[in-house]
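Colleague: need the 3D shape of this:
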Amino acid sequence: MTTPAERRERFAVLVNEHRFDTDDPLPTGRDLLELADFQPADEHLLFLRLADGMLEDINLSERVALDRPGIERFLAMKADRIFFLVIDGRRYPWGAPEISEAQLRDLADVPEDKVIWFDPKFGKDDLIESGETVSLKPESVEHFFSDDRPAEPRLVTIKLNGDDVKIPAGIYTTEMLKKKLEVPTDWDLDIMAGDGSMRALAPGEQTKIVKGLQFVSHVRQGGSS
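Modeller: This next block holds a predicted model:
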């Protein structure tokens, strides 16, 4: 025979897409952060995902009703301040000084058949490439917009031996990239890593070309082609 405590209703929530259960129908923001093991809670921000896709900032002492139809979804992150950004005319709060293309896409539910552009104040619109991040400023609201993905590959600027070169964005094998950059087939083509180090691209290796990549070509050392 079950006890009254065992028969108590449980309420499910999703925090960063992970499910947690509680028997409290009206938990505070602090309760939810601690439930999802975001501790200490006062060093984190909590946002409620509304039915229309927007985010609502939930204070630590604010209570959220969980006895409504459906599972409430939350976004939690370690942060000490809120940044704001606008995507397609809708303003969203954010808890980090930078945001990635994937996070922008998820935040505003931008489909894969669209691209996201950064619309800096007094600047030129700039396409946000896959894997790219954009810095946010606490004193201003950054603007973004989505648009149909272009049918033709976009030209991006990379560096080869210190010089700017424009080539279509996309995925290249080492051999395709050498041909596009007019690098002799028996030379090495090195790519610069995030820490500034260089490594030679292996034969057949696939490289996703996005703006800002840096390459150096040189006569192969220590072996034959």
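
Colleague: show me the contacts for Phe38.
Modeller: Going by Cβ atoms under 8 Å, 6 or more residues apart in numbering, Phe38 touches 15, 44, 46, 76, 78. Backbone N, C-alpha and C define where each C-beta goes, glycine included.

Colleague: how far away from the center of its chain is the helix or strand hosting the third one?
Modeller: Translated: Leu46. Taking DSSP states H and E as the criterion, Leu46 maps to strand 44-49. Relative to its parent chain, strand 44-49 has a centroid offset of 17 Å by Cα atoms, centre = their mean, to the nearest Å.

Colleague: the helix or strand hosting Asp21 packs against which elements?
Modeller: Assigned by DSSP H and E, Asp21 belongs to strand 18-22. On a contact count with 3 or more Cβ pairs under 8 Å, 6 or more residues apart in numbering; DSSP states H and E, strand 18-22 meets strand 11-15, helix 29-35.

Colleague: list the contacts of the helix or strand of the chain with the lowest mean pLDDT.
Modeller: Using mean pLDDT, DSSP states H and E, strand 126-128 stands out as the lowest-scoring helix or strand of the chain, at a mean of 84. With contacts defined as Cβ under 8 Å, 6+ apart, strand 126-128 is touched by 101, 104, 115-118, 120, 134, 144, 154.

Colleague: can you tell me which of the residues you listed end up in helices?
Modeller: Of the positions in those, 101, 104 sit in helices, assigned by DSSP state H.

Colleague: can I have the buried ones of the contacts of strand 126-128 as a PyMOL selection?
Modeller: Filtering the contacts of strand 126-128 down to the buried ones (16 or more other Cβ atoms under 10 Å) takes a single PyMOL command:
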select buried, resi 101+104+115+116+118+134+144
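
Colleague: angle of the strand holding Asp21 against strand 11-15?
Modeller: Angle of strand 18-22 versus strand 11-15, following axes from the mean of the first three to the mean of the last three Cα atoms, to 10 degrees, is 150 degrees.

Colleague: off-centre distance for strand 18-22?
Modeller: 24 Å.

Colleague: now the buried members of the contacts of Phe38.
Modeller: So, by 16+ other Cβ under 10 Å, the buried ones in the contacts of Phe38 are 15, 44, 46, 76.

Colleague: before we move on, back to that, include distance to Ile58 and pLDDT when you put the contacts of strand 126-128 into CSV, please.
Modeller: CSV is the format used below for the contacts of strand 126-128 (distance: Cβ to Cβ, whole Å; pLDDT from 0 to 100):
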residue, distance to Ile58, pLDDT
Glu101, 26, 92
Leu104, 22, 94
Val115, 31, 89
Ile116, 26, 93
Trp117, 30, 91
Phe118, 28, 91
Pro120, 30, 81
Val134, 25, 90
Phe144, 24, 94
Arg154, 39, 78
